[in-house]
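**Student:** next comes the sequence, and after it the predicted model I'd like to discuss.
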Amino acid sequence: MTIGYLAAPLVGVALGALTNAALDQQTSLAVTLGAVIATLLIFELMMGHFAHLYYFELADLQQLELTDEVATLAHSNPQIDQFDRPRFAELLTLVTEGLQRVRSALEATLQLSGLLLQVTITTVILAMVEPWLLLLPLAAVPPVLVNNRAQKLLDAARDESAHEIQLSTHLVSLATTGSSAKEVRLFNAQAPLIARQRAAWSATTARLWSVHRRSALLRAAGQAWFACAYGVAVFLVVRQAVTGSANVGQVVLVITLAVQVSVQVSGALALLGTLQGVGRTVSHVEELRVAVARPARSSSADASEAVPATGEVPDGATPPGAPGAPVDGALVTASSGTVAAPAAGSPGAAPASGVPVRLTRGIRFEDVTFTYPDTDRVILDGVSLDVPAGSTLAVVGDNGAGKSTLVKLLCGLYRPTSGRILVDGVDLRDVDDAEWQARTATLFQDFARFELTIRENVGVGRLESLDVDEDLWGALDRARARSIVEKQSGGLDQLLGHGYGNGVELSGGQWQTLGLARTLLRRDPLLLVLDEPAAALDAAAEHALFERFVATADEAGRAGGAITCFVSHRFSTVRDADQIVVLDAGKVREHGDHATLMARGDLYAELFGLQAGAYA
Ligand SMILES: Nc1ncnc2c1ncn2[C@@H]1O[C@H](COP(=O)(O)OP(=O)(O)OP(=O)(O)O)[C@@H](O)[C@H]1O
């Protein structure tokens, strides 16, 4: 690069000397200088090409690094509340959009350094002809300032457009992806979708166009100023030539080099603009870093303090020996061989992470209230519950009653706004989130469809088992998903989904069954959650799925005192649960087992009667 950049000003010097040699009729010198100029120009071009190889390599490394960082930042917190904050989503859009620009950061930095070197050499050569020409690069200061201003205008406009860019991207994905194709086609929604996308995009481009125009005017004014300074420089040297103190070669030299300074300055300005754009993206990444940075856990409660040494059983906890109570020290290895309580000094003793080896008392909600970030609607309102170790909990209630929210809090994906959730007497806030989440096995209503291989789809449940076929088949058997896999020509390595490549598409229920296998791959869970499986299943399939889940949950309950939580609209599914909680607008309306709730004759009994009637 350095050779390439030095070649340009040397060409100016050689041209000046060539002119003088030609005028003095020194043919052989002129020919030699011509050859030197040709060599220098070849060098300049060649070196640029070689430099590109390295720019490409560096840009790749740079982009990989940043993409990794953004993906890591998006999931750096155990909680997921940042995804509910509009600014976070906006930042992710801006950063993703800016990643392509960051590719050019190193190239721009190196090129800018090369140009600065070139400007310095050129200025020194010019000053040797006319000392006043030392000031020529200074004339570039106003264009740099104006350029800076123009770039700021552009950046602000891009930031303001983030919302429309998000909308537009969402609409493009609605109009072009298979998952929404059915409804788009049947509701004949393609034209309105495209019109909406066009409107969102036009709003962005209209704003950006007017700002681009203003910044182009500013940049042109800066360049015009520099052109004037360049005119003055040429005038100074021509005047010297007229008065006889400069020769023709020097005039040629100055004109060549002054043109180069002009090109160098405009090149440097463009590179500065690029770097400012990159800087903007980097500052967005920095904002993301700050957004996800959390204060360290407030206190690391000594969990052993919270567990009564006397073996006293707190309210609501299942006494030892009661149905569902853990078998002390038991290491239950079921035929499937996957559920086993890890060995520990004393059963249930919590290590430093605050997560007990096995649950002995259970989970307790103490006056839990919850409001989603940046909203003011109370979703859970003063929920108090005792869920003994080894028991099953069913949560029922109307749409929007807060059932899934309660489950998300239980998994540590959100923190209660007030109140506490205690796991064996330890506040979930004081428990190591990652450790707790590693001991939860969940199948959510909106489970993920990983368009990867079946192996990866299931293996995500326990990464250590990703390459252990025996473990994967075990989980698939427990989820009764073996036949889904055996039908595929690629077996465990069959690619799923139509997102890319030549994957096969599954039915909603089949995707869910694989999701269940993923859940059942987990070992030693303390909390098993099945959230609203009915979405993709008929009543019989839901019941079967419930039974498969219960079988694993029973093993986990016996082995580690695990708690199983079901969320369902189907009352027939939940009637066998040890405890049923009826949520009504975020409050616990009633709770107890099926018989108790039926005897009360309140909402549960009414809804159960309605559903039973409908099925009859
Ligand atoms: N990420 C979120 N940000 C803001 N509000 C949310 C969020 N998720 C859910 N809500 C709101 O919280 C309320 C309760 O939602 P939740 O999903 O817990 O209900 P649910 O009882 O599981 O309903 P359903 O039976 O329909 O699944 C809803 O009114 C919903 O609008």
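**Tutor:** Perfect, I can see it now.
**Student:** wait, a strand at residue 381?
**Tutor:** Yes. Counting by DSSP: H, G, I helix; E, B strand; the rest coil, residue 381 falls inside a strand.
**Student:** distance of it from residue 366?
**Tutor:** Using Cβ to Cβ, to the nearest Å, residue 381 is found at 14 Å from residue 366. Placement of C-beta: from N, CA and C, glycine included.
**Student:** with just CA atoms, put stretch 53-71 into PDB.
**Tutor:** Taking C-alpha atoms only, stretch 53-71 is exported to PDB below (Å, rounded to 0.1, in the frame of the first residue of the first chain):
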ATOM      1  CA  LEU A  53      -6.900  -9.300  -1.100                       C
ATOM      2  CA  TYR A  54      -6.000  -8.300   2.400                       C
ATOM      3  CA  TYR A  55      -8.900  -5.800   2.700                       C
ATOM      4  CA  PHE A  56     -11.300  -8.600   1.900                       C
ATOM      5  CA  GLU A  57      -9.800 -10.900   4.400                       C
ATOM      6  CA  LEU A  58      -9.700  -8.300   7.100                       C
ATOM      7  CA  ALA A  59     -13.300  -7.200   6.300                       C
ATOM      8  CA  ASP A  60     -14.400 -10.800   6.700                       C
ATOM      9  CA  LEU A  61     -12.700 -11.200  10.100                       C
ATOM     10  CA  GLN A  62     -14.100  -7.900  11.200                       C
ATOM     11  CA  GLN A  63     -17.700  -8.700  10.100                       C
ATOM     12  CA  LEU A  64     -17.500 -12.200  11.700                       C
ATOM     13  CA  GLU A  65     -16.300 -10.700  15.000                       C
ATOM     14  CA  LEU A  66     -19.000  -8.100  15.100                       C
ATOM     15  CA  THR A  67     -21.800 -10.500  14.000                       C
ATOM     16  CA  ASP A  68     -20.700 -12.800  16.800                       C
ATOM     17  CA  GLU A  69     -20.800 -10.000  19.300                       C
ATOM     18  CA  VAL A  70     -24.200  -8.800  18.300                       C
ATOM     19  CA  ALA A  71     -25.700 -12.300  18.500                       C
END
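**Student:** what residues does that stretch touch?
**Tutor:** Applying Cβ atoms under 8 Å, 6 or more residues apart in numbering, the set of residues contacting stretch 53-71 from outside is 92, 95-96, 99-100, 102-107, 110, 285, 288.
**Student:** avg pLDDT for stretch 479-499?
**Tutor:** For stretch 479-499, mean pLDDT is 87.
**Student:** what does it contact?
**Tutor:** 178, 449-455, 457, 469, 472-473, 476, 501-506, 510, 513-514, 516-517, 519-520, 544, 548.
**Student:** list the buried residues for that stretch?
**Tutor:** Neighbour counts over stretch 479-499 (16 or more other Cβ atoms under 10 Å) mark 479, 481, 484, 485, 488, 492, 494, 495, 496, 497 as buried.
**Student:** which one of those residues is nearest residue 564?
**Tutor:** Proximity of the buried residues of stretch 479-499 to residue 564 (Cβ to Cβ) peaks at residue 479, which lies at 15.4 Å.
**Student:** mind listing what the residue in the stretch 51-200 of the chain that the ligand sits nearest to touches?
**Tutor:** In the stretch 51-200 of the chain, the residue that lies nearest the ligand is residue 84 (4.5 Å; Cβ to the nearest ligand atom). By Cβ under 8 Å, 6+ apart, the contact list for residue 84 reads 372, 373, 374, 375.
**Student:** next, give phi and psi for residue 170.
**Tutor:** phi -60, psi -40 (degrees, to the nearest 10).
**Student:** next: the one 5 residues further on.
**Tutor:** Backbone torsions of residue 175, given as degrees, to the nearest 10, read phi -80, psi -10.
**Student:** against residue 187, how distant is it?
**Tutor:** Taken as Cβ to Cβ, the span from residue 175 to residue 187 is 12 Å.
**Student:** what about those two, which has more around it?
**Tutor:** residue 175 (17 against 10; other Cβ atoms under 10 Å).
**Student:** so how far is residue 162 from that one?
**Tutor:** 20 Å.
**Student:** got it, and residue 376?
**Tutor:** According to Cβ to Cβ, residue 376 and residue 162 sit 24 Å apart.
**Student:** the two: which has the busier surroundings?
**Tutor:** Neighbours were counted for residue 376 and for residue 162 using other Cβ under 10 Å; residue 162 has more, 20 against 6.
**Student:** what's near enough to touch that one?
**Tutor:** Counting by Cβ under 8 Å, 6+ apart, residue 162 touches 90, 93, 94.
**Student:** repeat that for 10 Å
**Tutor:** Residues near residue 162 by Cβ atoms under 10 Å, 6 or more residues apart in numbering: 86, 87, 89, 90, 91, 92, 93, 94, 97, 204, 284.
**Student:** give me the nearest residue to it, chain neighbours excluded.
**Tutor:** residue 90 (4.6 Å; Cβ to Cβ, 6 or more residues apart in numbering).
**Student:** which residues does the one you found contact?
**Tutor:** Applying Cβ under 10 Å, 6+ apart to residue 90 gives the contacts 159, 162, 163, 165, 166, 284, 287.
**Student:** could you check how far residue 59 is from residue 435?
**Tutor:** Using Cβ to Cβ, residue 59 is found at 39 Å from residue 435.
**Student:** actually residue 188, not the one I wrote
**Tutor:** 51 Å.
**Student:** for this structure, which helix is longest?
**Tutor:** helix 190-243 (DSSP state H).
**Student:** give the other helices and strands that that one contacts.
**Tutor:** helix 105-129, helix 141-160, helix 162-176, helix 178-186, helix 248-292 (3 or more Cβ pairs under 10 Å, 6 or more residues apart in numbering; DSSP states H and E).
**Student:** between helix 178-186 and it, find me the angle.
**Tutor:** Between the axis of helix 190-243 and that of helix 178-186 there is an angle of 110 degrees, by axes from the mean of the first three to the mean of the last three Cα atoms, to 10 degrees.
**Student:** which two of the buried residues of stretch 479-499 have the greatest separation?
**Tutor:** 479 and 495 (19.7 Å).
**Student:** what sits against the nearest residue to residue 405 once chain neighbours are set aside?
**Tutor:** Leaving aside its chain neighbours, residue 405 sits nearest to residue 379 (5.0 Å; criterion: Cβ to Cβ, 6+ apart). Residues near residue 379 by Cβ under 10 Å, 6+ apart: 369-372, 400-402, 404-406, 409, 414, 417, 585-586.
**Student:** host element of residue 96?
**Tutor:** helix 86-102 (DSSP states H and E).
**Student:** what is the mean pLDDT for that helix?
**Tutor:** Helix 86-102 carries an average pLDDT of 82.
**Student:** again, but for stretch 293-308
**Tutor:** The average of the pLDDT scores along stretch 293-308 is 43.
**Student:** give the contact list for the closest residue to residue 87 other than its chain neighbours.
**Tutor:** Leaving out its chain neighbours, the residue that sits closest to residue 87 by Cβ to Cβ, 6+ apart is residue 291, at 7.2 Å. Residues counted as contacts of residue 291 (Cβ under 10 Å, 6+ apart) are 73, 76, 77, 82, 85, 87, 88, 91, 92.
**Student:** residue 130 and residue 13, how far apart?
**Tutor:** 15 Å.
**Student:** who's more crowded, the two?
**Tutor:** Comparing residue 130 with residue 13 by other Cβ under 10 Å, the one with more neighbours is residue 13, at 21 against 18.
**Student:** look up how far residue 9 lies from residue 125.
**Tutor:** 6 Å.
**Student:** good, wrapping up.
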